[in-house]
Structure formats: C-alpha cells, structure tokens
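Visitor: Give me a model of this one.
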Amino acid sequence: MDKNFIERTSSFRWNSRLELYQYFKENFNIDSEMVDATINRVMAGFKPRMGQIVKTQELWQKVGLVLEEYHQIDHLISA
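Guide: Sure thing, here's the model as predicted:
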C-alpha cells in the first residue's frame, strides 16, 4: 500500500456553506456572519493531508464541528 495514500471520508454532515448556515441558524440561532468568521479562523489553521488537496466538504465539516463544540461548551458554562 502506498504510504502517501490516506483514505478519506466520503460522507459529510454539511456539504455546502448554505447547509452550515441553515443548520446553525435553526439549531443554535447563529447568523451567517458568525459562521463566516469561523470559516476564516478554521481556514487559517487548516492543514491539508500530505499531497492531497482539501475537499470543500472537509472544511465545512471542520467548521461545523468547531461551532458545535464551542456552543456546547458555552451552553454548559451558562447553565
């Protein structure tokens, strides 16, 4: 097996920026500006896998997970 080959996920919770906007508006009342700000933060630290380009869906997945984690922690602190 090629050492540089890394199997990648093909199933994502969010497949587009619009899906991210809709999900976080409906579930956390987060507006698109906050989602966009998180996208910019995540992109700055996003490290692609060796020799492979980043799939856009991977970016949306990372952003969604970051936002969910942040708001779950925020909810626990405010409770």
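Visitor: who does the helix or strand hosting residue 38 touch, helix- and strand-wise?
Guide: According to DSSP states H and E, residue 38 maps onto helix 32-45. Taking 3 or more C-beta pairs under 8 Å, 6 or more residues apart in numbering; DSSP states H and E as contact, the helices and strands that helix 32-45 lies on are helix 17-28, helix 56-78. (Glycine included, C-beta is placed from N, CA and C.)
Visitor: Quick one: closest of the ones you listed to residue 11.
Guide: helix 56-78 (9.2 Å; C-beta to C-beta).
Visitor: Pull out the buried residues from the closest one.
Guide: For helix 56-78, a neighbour-count test (16 or more other C-beta atoms under 10 Å) marks 57-64, 67, 71 as buried.
Visitor: what do you get for stretch 16-35?
Guide: So, applying 16+ other C-beta under 10 Å, buried residues of stretch 16-35: 17, 20-21, 23-24, 28, 30, 34-35.
Visitor: Same question for stretch 34-46.
Guide: 34-35, 38-39, 42.
Visitor: need the contact list for the residue nearest to residue 16 when sequence neighbours are not counted.
Guide: Of all residues not flanking residue 16 in the chain, residue 60 sits nearest, at 6.8 Å (C-beta to C-beta, 6 or more residues apart in numbering). Residues in contact with residue 60 (C-beta atoms under 8 Å, 6 or more residues apart in numbering) are 12, 14-17, 19-20.
Visitor: try 7 Å this time
Guide: Taking C-beta atoms under 7 Å, 6 or more residues apart in numbering as the criterion, residue 60 is in contact with 12, 14-17, 20.
Visitor: now residue 20
Guide: 14, 35, 60, 63-64.
Visitor: coming back round to it: of the helices and strands packed on helix 32-45, which shows the lowest average pLDDT?
Guide: With a mean of 82, helix 56-78 has the lowest mean pLDDT of the helices and strands packed on helix 32-45.
Visitor: and the angle for that one with helix 17-28?
Guide: For helix 56-78 against helix 17-28, the angle by axes from the mean of the first three to the mean of the last three C-alpha atoms, to 10 degrees is 20 degrees.
Visitor: Between helix 32-45 and helix 56-78, find me the angle.
Guide: Using the same axes, to 10 degrees: helix 56-78 against helix 32-45 is 110 degrees.
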